[in-house]
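Novice: predicted model and sequence follow; I will ask about them next.
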Amino acid sequence: MAAVTGSWVLNGFGMFSVVEKASGRWIGRVGPWSPEAWPGTEVAWGLHPAFHGRGYAVEAATAAMDWTVANLGWTEVIHGIDPANEPSKKVARRLGSRFLRMGNLPEPYHEKPIEIWGQTVDAWRVRRGG
């Protein structure tokens with residue numbers, strides 16, 4: 001939690017909490033994320049496994065993408081995805097993102113390759129109708 005709070009203080013952006021309306025339960029985080037040496041300007045998501053497959057990730061990531069595009073001035077938004085994580089690839093596709101390239105996270109995770117999915121901010125605006 002301190003890393004997320006620190007991102008807001010230092011960068012003016014960070015992850016948003018995702019809270020299920022029906023229960024009031026905190027179920028994860030979604031939002032813009034770009035720590036030092038990150039492979040790009042990312043909108044990421046991470047939800048508790050009990051809430052996978054309910055559309056929450058797409059709904060929250062769509063809102064986070066809208067906020068990011070309106071407020072941060074980025075030209076590209078990526079999603080770093082473990083190559084084996086098919087559900088996250090499905091979320092990325094539903095957002096209109098596509099596989100762009102292979103990449104790596106900064107140390108100490110630099111040896112594990114990730115897939116970089118994403119799209120330009122202009123493509124997102126067209127997709128969202130403005």
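Specialist: Perfect, I can see it now. Quick caveat: nothing in here was measured; it's all calculated off a predicted structure.
Novice: show me the helices in this protein, by range?
Specialist: For the chain, applying DSSP state H gives helices covering 2-11, 56-71, 86-94, 121-127.
Novice: please identify the buried residues of stretch 71-81?
Specialist: Within stretch 71-81, the residues that count as buried by 16 or more other Cβ atoms under 10 Å are Leu72, Trp74, Glu76, Val77, Ile78, His79, Gly80, Ile81. For every residue, glycine as well, the C-beta is placed using N, CA and C.
Novice: same question for stretch 96-115.
Specialist: Neighbour-count burial for stretch 96-115, counted by 16+ other Cβ under 10 Å, picks out Ser97, Leu105, Ile114, Glu115.
Novice: closest one to Trp38 out of these, please.
Specialist: Leu105 (7.3 Å; Cβ to Cβ).
Novice: check contacts around the closest one.
Specialist: By Cβ atoms under 8 Å, 6 or more residues apart in numbering, the contact list for Leu105 reads Trp38, Pro39, Gly80, Lys112, Ile114.
Novice: for the chain, what are the low-confidence residue spans?
Specialist: Residues of the chain that meet the criterion pLDDT under 70 lie in 1-3.
Novice: with adjacent residues omitted, what lies nearest to the residue most central in space within it?
Specialist: In the chain, the residue lying closest to the centroid (Cα atoms, centre = their mean) is Ala44, at 1.7 Å. Nearest non-adjacent residue to Ala44, counting by Cβ to Cβ, 6 or more residues apart in numbering: Trp33, 4.7 Å away.
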